[in-house]
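Chemist: here's a sequence, model it:
(2 chains)
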Amino acid sequence: MNLQQTLKLHVKAAIKVLFQSELESVEFQATRKEFAGDITIVVFPMLRVVKGNPVVIGEQVGQYLLDNVDLVLGFNVVKGFLNIEISDSYYLDFFQSIKGETNYGFSEVNDEKAVMVEYSSPNTNKPLHLGHVRNVLLGYSVAEIIKASGKKVYKTQIINDRGIHICKSMLAWQRFGNGETPESTGLKGDKLVGNYYVKFDQVYKVEISELVAQGQSEDVAKKNAPILLEAQEMLRKWEAGDNEVVSLWKKMNQWVYDGFDVTYKNIGVDFDTYYYESDTYLLGKEFVAEGLKTKVFEEDTDGSVWCDLTEDGLDRKIVLRSDGTAVYMTQDIGTAIQRIKDYPDVGGMVYTVGNEQDYHFKVLFLILKKLGFDWAKNLFHLSYGMVDLPSGKMKSREGTVVDADDLIKEMADTAEEISKELGKLEDYSEAEKKELYKTIGLGALKYYILKVDPKKRILFDPKESIDFQGNTGPFIQYTYARIQSILRKADVKEYIALNVVEMQFHDKEKQLIKQLENFPEVIQSAADQHSPALIANYTYDLVKDFNSFYQNVSILGADSDLEKGFRVALSQTVGQTIKNAFKILGIEVPERM
RNA sequence: GGUCGCAUAGCUCAGUUGGAUAGAGCACCUGCCUUCUAAGCAGGCGGUCCUAGGUUCGAAUCCUAGUGCGAUCACCA
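Modeler: Below you'll find the predicted structure:
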C-alpha cells in the first residue's frame, strides 16, 4: 500500500471518529516548497460532509493523524491545506524496497484481455516522411506504455496496398523506368517507387495543360488526361486479377516494404503482425451483406449501400459503392473483424491515425457497435495533430516533405557536431561514436515529438534545428550517462545490497525518493490517457531533481561509507528509472556522452 | 453553413478529478569547472491563462456566447 492509500484510510477514520461522518474521497497534492511538510491534504472538499471552519477541521484531522499514525511526524494548517510531515523512515523503507529492481515501474500482465495497437499504416507508393514519424513514435510508445501498465499488446499496421495511387507509380515505372530496380540504382525501394509517383504527377500535369491549350476546361482535362485513364485501366486489370499487373504490383510493393523495413529499423520500432487492405476488404463486404440483413445498413435504388447515422447525430455514410466495390470504410470494418478472429484474446484496439480522420473513426466505431460486436466499445482513436512546415502542409507530389531517413541522418549529424565541440570521447572507436551520435540524434527527435500533447499541431522548422539543451532528450541522456560514470567508479552491487536502517536525509535525497515513488502511477495514467507526454514530462522532472542533487551533494565524497553507499544506490535507482521511462518512449540511453 | 479540435511568458510547451503567489525550457542578463562529465547547477528578467458573461468558499481548468487558427462534412484513402 502506498502513502496516499494509507493516509486516506486514516483520514476517513479521523472524520468518522471526530465528526461521525463518512468521507468518500481524500484529495492529496504535493506540498509546495514554501511550506513545511511532505504531502498535503486539501480540507475544502471535506466541507461538503463536515460543516465548519476548514482551518479548525484541518487542525483536528492533523492532530488525529499525529496521534494515530506512526509515519506522521508533524503537521501544519495553512488556510484549507493540511501539510503533513512524513518520517524519513517511511521514505527509506520505500527506497529499500525498490532499489536494484531492473523492472521498476513495469507491471506484470494482469489482464486476460489484450490490446491491439495499430500505427504507421502507410500507402505503398512513397517513402515515409515526418508525418509518419510522429505517427510511428506515438503508436510505438503508447503500445509500450500499455504493456508496461500490465496488458498484453499486439503491435500492428494496416497497409494500404491497393488503389489508384499504386497504379500511378506502377504505370510511370513501366513507361519511364527502363527496368530500373533498387539493386541497379542503389536506391531504397520506397525511394525508387516514390520517384515514379512524382514522375507520374509531372507527366499528368503536362498532359492537363496540353488539353487545356486545346480548349478543354481544367476540370474536364483533369479527368481526361491519357495517363490517368491508363492508370484507371490498370486498376481495373488489377481487380480482375490480370497476371502481368498483379506481378508488377507484387514486385513494386515488395521494394517498398523492404525500404520501409530499413526505416523502421532505423527509427527503432517494430510490429508483431501486419494486415493488408487487399486481404481484408472482401471480409468487409461480407459483413456489409450481413448488416443489410439485420437492417443496420440500407440499399439505395442504384445499389449502393449506406448506414444511416442521423439518429446518432451523424450523417448517412456509404459502405459500398453502387458498382459493388469497397470503400475505405468497408475495408476498415473487415480489418477490425479479421483482427479479432486472428487474435481472440484482443479486447480492444487503439488506432494511431491523424486527426483529419476523427470523423471517419467516430463512424467506424459506431457501425461496429451497431453490427453487435461487444469489443467495439473498447476502440480508441489515438488522434494526433498534423506536423506542418513553415511553408504549410507537406505534399509528397510536390516534393515539400521532410523525408524520414534524411531527418534521422541530419539529427545524428547535429549530434556529431555538438559532440565534437565538447570533445569528451577521444578514446571511442569510430563505430562506437557513430552509434552514439545516432542514439543522441534520435533521442532528441523522439523526445521533441513525444513530449507534446498528441492533440496539438506541430510546426516543424527544419532550419531551426531541434535543441539539445534544456527540456530535451539529450539532456536526459546526459544525466543518465553521468550516473553511469559514477557507478563505474563505485562498487555498485555492494552498495545496493547495503541495508540502511537509519538515515538523516538531505532535502535533495528525499525529493528524489518522492519523485521515484510517483513513477508507477505515472505509467498507469499515461496508459489510461494514451499519452507518452506524461512519461516524458515525468522523466524531465526526475532528471532535474537528480541534477540538482548531483551539483549540491557529493556522492562519492560523502562523509561516511553509509551515506556514500546510500547515495550510490539512489543514483543507480534513478538511472534505472530513467532507462525504464525512456524505454517505453522508445529512446535509448548511452553509457557515456 | 453544420460538426470536431486547439488558443497559457518574445518563442516551444507543462499545468492531475476545479485548490495555496500559474510552472519549465529556449532567448536575454549574473554567478559557478583545482572535488563525482558545465549537453550541467544557482539566480535574474518576462503573464489581460483569446474575449465577455455564468456556476463556486475557490476557475487557466466546468457551463454559455463570441473571436482566431486547423480539420472534417466525397460512390478519395
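
Chemist: in contact with the closest residue to residue A:254 other than its chain neighbours, which residues?
Modeler: Distances taken as C-beta to C-beta, 6 or more residues apart in numbering place residue A:189 nearest to residue A:254, at 7.4 Å, with adjacent residues excluded. Just so you know, the C-beta spots here come from the backbone N, C-alpha and C atoms, and that holds for glycine as well. Contacts for residue A:189 (C-beta atoms under 8 Å, 6 or more residues apart in numbering) come out as A:182, A:254, A:255, A:256, A:257, A:258, A:259.

Chemist: filter those down to the ones in helices?
Modeler: Using DSSP state H, the subset of the contacts of residue A:189 located in helices is A:182, A:254, A:255, A:256, A:257, A:258, A:259.

Chemist: among the residues you listed, which one sits closest to residue A:137?
Modeler: Taking C-beta to C-beta as the measure, residue A:137 lies nearest residue A:259 of the ones in helices among the contacts of residue A:189, at 18.8 Å.

Chemist: if I look at residue A:467, how far off is residue A:534?
Modeler: To residue A:534, residue A:467 is 21 Å away according to C-beta to C-beta, to the nearest Å.

Chemist: next one: residue A:4
Modeler: 18 Å.

Chemist: for chain A, which residue gets nearest to RNA strand B?
Modeler: Going by C-beta to the nearest atom of the strand, RNA strand B is nearest to residue A:470 of chain A, at 2.0 Å.

Chemist: list of residues touching stretch A:275-287?
Modeler: A:156-163, A:320, A:324, A:326, A:329-335, A:337-339, A:371.

Chemist: hmm, try it at 6 Å
Modeler: A:158, A:159, A:160, A:161, A:162, A:326, A:330, A:331, A:333, A:334, A:335, A:338 (C-beta atoms under 6 Å, 6 or more residues apart in numbering).

Chemist: can you give me the strands in chain A?
Modeler: Counting by DSSP state E, chain A has these strands, from start to end: A:28-30, A:39-42, A:72-78, A:81-86, A:114-118, A:153-159, A:273-276, A:298-299, A:305-308, A:316-320, A:346-354, A:379-384, A:387-388, A:458-459.

Chemist: so for the second one, what gets flagged as buried?
Modeler: It stands for strand A:39-42. A:39, A:40, A:41, A:42 (16 or more other C-beta atoms under 10 Å).

Chemist: give me the helices and strands touching it, please.
Modeler: The contact analysis (3 or more C-beta pairs under 6 Å, 6 or more residues apart in numbering; DSSP states H and E) places strand A:39-42 against strand A:81-86.

Chemist: which among the strands of chain A is found nearest to residue A:504?
Modeler: Per C-beta to C-beta, nearest to residue A:504 of the strands of chain A: strand A:72-78, 13.0 Å.

Chemist: show me the contact partners of that closest one.
Modeler: A:36, A:55, A:58, A:59, A:62, A:65, A:66, A:83, A:84, A:85, A:87.

Chemist: please list which of the contacts of stretch A:275-287 are also close to RNA strand B.
Modeler: A:160, A:326 (C-beta under 7 Å from any atom of the strand).
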